[in-house]
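**Student:** show me the folded form of this:
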Amino acid sequence: MGAVTPADRRPKQDRSRATRQRLLQAAVACLAEHGWAGSTVSVVAERAGVSRGAAQHHFPTREDLFTAAVEYVAEERSTALRALFPQGAQGPRGDRRAVAGALVDLFTGPLFRAALHLWVAASNEDQLGARVTELETRVGRETHRIAVELLGADESRPGARESVQGFLDMARGLGLANLLTDDAARRDRVVAQWAAMLDEALG
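**Tutor:** You can find the predicted model right below:
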């Protein structure tokens, strides 16, 4: 019997990567729809179309699965946002209002809802709390970096960093308001006003 070559291994690695991605996407969807209590590894595995054993091979614990899922989808959203505005607010597709609206959208979809369920669960579970705090620090830092980049903010300018952070805090608040009712009309007016304020603050 011949030796296994790298070419032989690649399809298996590709299948493994695809399984992992399906699990991560299914985990965020489950968390957004069912909350922490209703999102078990078994539920996620069934939604992803894989066995529970396969899920636990990739993610030994429930905490591993859901923290990895939120981070993975956050990275996917960041990549998509950068692709949407490759030159930021200075590019042909982007003024600050368009960029601000896209950034606010980060806080109004399934990912934000899933992350919120994870935060609430973490506030009551010590083991999960430490991991989610670390995750939120990383994701928050990356979101701030993207906002600075896409808004064309010069953080050496007095007040620029605080203006961007204030905007992101406001965006999170709009995301919370949107959880119970469709807040799109009010949100659009608020985003337009914040974009004007950012133009003034960031130059």
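
**Student:** could you use CA atoms for every contact and neighbour count after this?
**Tutor:** Will do.

**Student:** and the closest residue to Leu128 other than its chain neighbours, how far from Phe59?
**Tutor:** Nearest residue to Leu128, sequence neighbours excluded (C-alpha to C-alpha, 6 or more residues apart in numbering): Ala122, at 5.1 Å. From Ala122 across to Phe59, the span is 18 Å (C-alpha to C-alpha, to the nearest Å).

**Student:** can you check Ala130 too?
**Tutor:** Ala130 is 18 Å from Phe59, where distance means C-alpha to C-alpha.

**Student:** ok, these two, which is more surrounded?
**Tutor:** Set side by side, Ala130 and Phe59 show more neighbours around Phe59, with 18 against 12, by other C-alpha atoms under 10 Å.

**Student:** what helices and strands are in contact with the one helix or strand in the chain whose mean pLDDT sits lowest?
**Tutor:** One helix or strand of the chain scores below all others by mean pLDDT, DSSP states H and E: helix 6-34, with a mean of 84. With contacts taken as 3 or more C-alpha pairs under 8 Å, 6 or more residues apart in numbering; DSSP states H and E, helix 6-34 sits against helix 41-48, helix 52-58, helix 62-84, helix 110-124.

**Student:** ok, for Gly129, nearest residue in space, not its chain neighbours?
**Tutor:** The shortest distance from Gly129 to any residue other than its chain neighbours is 4.1 Å, reached at Ala122 (C-alpha to C-alpha, 6+ apart).

**Student:** and the one you found, how many neighbours?
**Tutor:** Residues near Ala122, counting by other C-alpha under 10 Å: 19.

**Student:** ok, it - contacts?
**Tutor:** 128-130, 132 (C-alpha atoms under 8 Å, 6 or more residues apart in numbering).

**Student:** in which helix or strand would I find Asp199?
**Tutor:** helix 184-202 (DSSP states H and E).

**Student:** quick check: mean pLDDT of that helix?
**Tutor:** If you average the pLDDT over helix 184-202, you get 90.

**Student:** go on, stretch 150-170?
**Tutor:** Over the span of stretch 150-170, the pLDDT mean works out to 93.

**Student:** cool, and stretch 75-89?
**Tutor:** Stretch 75-89 shows an average pLDDT of 84 in the prediction.

**Student:** just the C-alpha atoms of it, please, in CSV.
**Tutor:** In CSV, the C-alpha atoms belonging to stretch 75-89 read as follows (Å, rounded to 0.1, in the frame of the first residue of the first chain):
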residue,chain,number,x,y,z
GLU,A,75,-14.1,38.2,11.2
GLU,A,76,-16.3,37.3,8.2
ARG,A,77,-18.3,40.5,8.6
SER,A,78,-15.2,42.6,9.0
THR,A,79,-13.7,41.2,5.8
ALA,A,80,-17.0,41.9,3.9
LEU,A,81,-17.1,45.4,5.3
ARG,A,82,-13.6,46.2,4.1
ALA,A,83,-14.5,44.7,0.7
LEU,A,84,-17.5,47.0,0.5
PHE,A,85,-15.5,50.1,1.1
PRO,A,86,-11.9,49.3,-0.1
GLN,A,87,-11.0,53.0,0.1
GLY,A,88,-13.1,53.8,3.1
ALA,A,89,-15.0,57.1,3.2
